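K.L.:
sequence first, predicted coordinates after that:
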Amino acid sequence: MDIMDKLTILTDGAKYDAACTSSGVTRKGPANGKGLGNVMPAGCCHSFSSDGRCITLLKVLMSNSCIYDCKYCVNRSSNDVPRATFTPSELADLTIQFYRRNYIEGLFLSSGVIKNPDYTSEQMAKALEVLRYQYGFWGYIHTKILPGTSAELVRRLGLLADRVSVNVELPSEASLVSLAPQKKREAIFTPMAQITQGITTGKAEVVQYRKAPKFAPGGQATQMIIGASPESDYSIVRLASALYGKYDLKRVFYSAYIPAIRDKMLPAIDTKPPLLREHRLYQADWLMREYHFEAEEILSDEEPNFNPYMDPKCNWAVNNLHFFPVDVGKADYEALLRVPGIGPKSAARIVTARRHSRLGMAELKRIGVVLKRAKYFIVTSDEPLGISVNKYTAAKALIDPNSFSMGVEQLTLFDAPQTRFLLDPANHVIEDVREEAALCLATKL
Amino acid sequence: MPGYKIVVYPTDVIYIYDGGIAGFLTCVHESFYAKELPLNIVSDANYEPSLYKHKFVAADEAKAKTVRESIARNISKRALDLTDHLLLCHHEKKELALLKFLITAFRVGPKATSMLGDKEVSDVLAMERHMLGERHLLLGFIRFKDYGGMLGAVISPKNFVLPLLAEHFVCRFPNENFMIYDKTHNAALIYQDRKLEITAVEDIKFADESEEELHYQNLWKSFYKTIGIKERLNPKCRMSHMPKRYWINMVEMKEFL
């Protein structure tokens, strides 16, 4: 089989993996002046695929010949697809040649399980060793740790890669048992705990000996498939929050399930991928990581699923109107972060700018604050009482335009208008529904 | 120290300079000493004769040095970087905006660049952001081709970002030879035998692409097409992250134009 076919097959098998960032590490250049490669602190997108996702890394599988038969996976052993496996040197050569041409920022390596997890990890480690030691490659490497990999190989891979991740695959153990019976919960969480431990001791060693080898300096991530199993949004958000807390993960990625097989335990084959739900999960995730929200503030037992019409931050604001208005001249950074439309950047800029002048709406605009939503939640020097609000206009501004481009039909609805019409996006009824959603919200304000 | 008050009066003179940093700083010197706020400052390349009075300001290294030192001492190092950055921008009125900013900045001192709500300040910061944004995108979107040991790339940016690309690529490929040709500004960044140089060039013709080069290009194109998930097709989102004007120089995107 030639390299072109291999690349196509092994890319096709890897494309559903969500993570493609090169964040968490900074490297000025090759350590000893030999070889090539550096890593920028903020990461760098090299292209964007037809689905609008960023391409940063060469995202491929080592092999798609998998002994497991996980129901939701395109690479499951019972699926009739062409199979291929890279040799370590083929993969290393491809990475280097793509990197030299500035196509990519590095390598994202995952794999199906050949023979057993350790054999596969051994192959992956060999490829990374060729890259790091033979080519002197110091670009970014993210590698998957397969569930059930031995402690020794986890350590070896962690010393080669910048970031490692063990997939939790599904948001609950019950789903894991029914959909991926060959993957055991312990096989996932044992390496995850080992990595957390490795990163912590690694950091301590570097403090003592500057040249101590760095174990996964870019931290640990994970991902789960959304929409293949019945968990509520709240339980997913709580799981993510626990992973951030207990295992000190850098990122949790969510991947909307795209039906690949007919099975009575899975959504029907013509089900659309729950893109809006995935989008909401990322928004909630962002709120927990960058905006200091707790999972319990985003959703609750009473409201276990996301509001399809508003992003989680707006939703929180509408449910906590007593918190507003926030005075941009006085409120602390944390309070500013709670205002819909104000993010970490805007909040930091406001704090800087207000030391020197009073801030009115015009100043905020110059600072770069997007006022479309924020203006309903703040008081400024020229609007000391807040702008007078027409509830209906405000409601319209708060409604998320994405709700309608991505389709709301996948979500459990709250006091819902007639969303079934939305199945056909060309339907003029969309306007009516948007209207109705706005009216609904206006009464709540 | 703050309180270094510049008094200038609006006039209808247009300053013409050579487009370089020393030339611009000489204009600043001229404006402060003649106590006049020009109607506009344009480089000789962009100057179109009009009924307004004009003044040719010849670059003067000594005056430029005075202004440069004064910015660093009386405003801040950041203001000096901002000045350097702004001359790389493509905005038509960048020089006048920068002069107005400097007038304010000399008056208020070191806090100038953090007065984000101020019109003069936010104007120049917005221009700088636009330029740095384009630079950041290009760090990823630049595509090299291997011409037998020499990597070559073509870019056509709005802003003159070439000087700000150099460090990144030298750190990345310290042992390669490479060239980045800026079509818009007729300039090239050349890194050869560990020496870096940016020079003005006329139209550059690259050699034919070798079979090996085409092989890797095809592999990359195939990767690009395969990695997109068809159930999630979203051309609008792609376009907003990767505007079409960059596609012309990108191996995998050219065929979609």
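P.N.:
Happy to help now that I have it.

K.L.:
what segments of the stretch 51-200 of chain A are helices?
P.N.:
For the stretch 51-200 of chain A, the helices defined by DSSP state H, counting those that start in this stretch cover A:88-100, A:117-129, A:151-160, A:173-179, A:185-208.

K.L.:
including mean neighbour count, mean pLDDT and distance to A:Arg338, could these go into JSON lines?
P.N.:
Every residue, glycine included, has its C-beta placed from N, CA and C. Formatted as JSON lines, these follow (neighbours: other Cβ atoms under 10 Å in any protein chain shown; pLDDT from 0 to 100; distance: least, Cβ to Cβ, whole Å):
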{"stretch": "helix A:88-100", "mean neighbour count": "21", "mean pLDDT": "97", "distance to A:Arg338": "42"}
{"stretch": "helix A:117-129", "mean neighbour count": "20", "mean pLDDT": "97", "distance to A:Arg338": "43"}
{"stretch": "helix A:151-160", "mean neighbour count": "19", "mean pLDDT": "96", "distance to A:Arg338": "37"}
{"stretch": "helix A:173-179", "mean neighbour count": "16", "mean pLDDT": "92", "distance to A:Arg338": "34"}
{"stretch": "helix A:185-208", "mean neighbour count": "16", "mean pLDDT": "90", "distance to A:Arg338": "30"}
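
K.L.:
nearest residue to the residue of the stretch 51-200 of chain B found nearest chain A other than its sequence neighbours?
P.N.:
Residue of the stretch 51-200 of chain B nearest chain A, by Cβ to the nearest Cβ: B:Gly117 (3.2 Å). Nearest non-adjacent residue to B:Gly117, counting by Cβ to Cβ, 6 or more residues apart in numbering or on different chains: A:Glu363, 3.2 Å away.

K.L.:
what is the burial count for that neighbour?
P.N.:
24 (other Cβ atoms under 10 Å in any protein chain shown).

K.L.:
what secondary structure does it sit in?
P.N.:
The assignment at A:Glu363 comes out as helix when based on DSSP: H, G, I helix; E, B strand; the rest coil.

K.L.:
contacts only, for it.
P.N.:
Applying Cβ atoms under 8 Å, 6 or more residues apart in numbering or on different chains, one finds that A:Glu363 lies in contact with A:Ala353, A:Ser357, A:Thr380, B:Leu116, B:Gly117, B:Asp118.

K.L.:
residues contacting B:Asp44?
P.N.:
By Cβ under 8 Å, 6+ apart, B:Asp44 lies in contact with B:Ile16, B:Tyr17, B:Asp18, B:Gly19.

K.L.:
just the ones in strands from the residues you listed, please.
P.N.:
Counted as lying in strands by DSSP state E, out of these, are B:Ile16, B:Tyr17.

K.L.:
next, format the contacts of B:Asp44 as CSV and append distance to chain A and neighbour count.
P.N.:
Output for the contacts of B:Asp44, formatted as CSV (distance: Cβ to the nearest Cβ, whole Å; neighbours: other Cβ atoms under 10 Å in any protein chain shown):
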residue, distance to chain A, neighbour count
B:Ile16, 30, 22
B:Tyr17, 28, 23
B:Asp18, 32, 16
B:Gly19, 28, 15
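
K.L.:
in a markdown table: the contacts of B:Asp44, plus pLDDT.
P.N.:
A markdown table is the format used below for the contacts of B:Asp44 (pLDDT from 0 to 100):
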| residue | pLDDT |
| --- | --- |
| B:Ile16 | 96 |
| B:Tyr17 | 96 |
| B:Asp18 | 94 |
| B:Gly19 | 92 |
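
K.L.:
and the contacts of B:Asp44, which is closest to B:Ala112?
P.N.:
Within the contacts of B:Asp44, the smallest distance to B:Ala112 is 23.0 Å, found for B:Tyr17 (Cβ to Cβ).

K.L.:
I'd assumed B:Asp60 was in contact with that closest one.
P.N.:
No. Assessed by Cβ atoms under 8 Å, B:Tyr17 is found out of contact with B:Asp60, at 10.5 Å.

K.L.:
overlap in contacts of the two?
P.N.:
Residues touching both B:Tyr17 and B:Asp60 (Cβ under 8 Å, 6+ apart) are B:Thr26.

K.L.:
just for chain B, where's the confidence low?
P.N.:
B:1-3 (pLDDT under 70).

K.L.:
sorry, back to before: report the two of the contacts of B:Asp44 separated the most.
P.N.:
B:Ile16 and B:Gly19 (9.8 Å).

K.L.:
so what sits against both of those two?
P.N.:
Taking Cβ under 8 Å, 6+ apart as the criterion, B:Ile16 and B:Gly19 both touch B:Ser43, B:Asp44.

K.L.:
kindly list the main-chain dihedrals of residue 209?
P.N.:
Looking at chain A here, since you left the chain open. Main-chain torsions, A:Tyr209, degrees, to the nearest 10: phi -120, psi 120.

K.L.:
wait, chain B was what I had in mind.
P.N.:
Backbone dihedrals for B:Glu209, given as degrees, to the nearest 10, come out at phi -80, psi 130.

K.L.:
how about the nearest residue to it, chain neighbours excluded?
P.N.:
The spatial neighbour of B:Glu209 that comes closest, neighbours along the chain excluded (Cβ to Cβ, 6+ apart), is B:Lys145 at 6.0 Å.

K.L.:
these two touch, right, that neighbour and B:Asp208?
P.N.:
No. B:Lys145 lies out of contact with B:Asp208 (Cβ under 8 Å); the separation is 10.4 Å.

K.L.:
which of these two has more residues huddled nearby?
P.N.:
The neighbour comparison of B:Lys145 against B:Asp208 (other Cβ under 10 Å) goes to B:Lys145, with 19 against 7.

K.L.:
who touches the more buried one in this structure?
P.N.:
Neighbour list for B:Lys145: A:Arg101, B:Leu151, B:Gly152, B:Ala153, B:Phe206, B:Glu209, B:Glu213, B:Gln217, B:Val251 [criterion: Cβ under 8 Å, 6+ apart].

K.L.:
go with 10 Å
P.N.:
For B:Lys145, the contact set (Cβ atoms under 10 Å, 6 or more residues apart in numbering or on different chains) comprises A:101, B:151-154, B:206-207, B:209-210, B:213-214, B:216-217, B:251.

K.L.:
and if you look at A:Ala180?
P.N.:
A:68-73, A:76, A:147, A:167, A:169-170, A:188, A:225, A:228.

K.L.:
now do 6 Å
P.N.:
A:Ala180 sits next to A:Cys70, A:Glu169 when contact means Cβ atoms under 6 Å, 6 or more residues apart in numbering or on different chains.

K.L.:
for A:Ser241, same thing?
P.N.:
Shown in contact with A:Ser241 (Cβ under 6 Å, 6+ apart): A:Met288, A:Ala295.

K.L.:
roughly how far apart are it and chain B?
P.N.:
To chain B, A:Ser241 is 26 Å away according to Cβ to the nearest Cβ, to the nearest Å.

K.L.:
how far does the helix or strand where that residue lies sit from the chain's center?
P.N.:
Following DSSP states H and E, the helix or strand that holds A:Ser241 is helix A:233-246. Here helix A:233-246 is found 13 Å from its chain centre; the criterion is Cα atoms, centre = their mean, to the nearest Å.

K.L.:
between the helices of the stretch 51-200 of chain A, which gets nearest to chain B?
P.N.:
Among the helices of the stretch 51-200 of chain A, helix A:88-100 comes nearest to chain B, with 5.0 Å by Cβ to the nearest Cβ.
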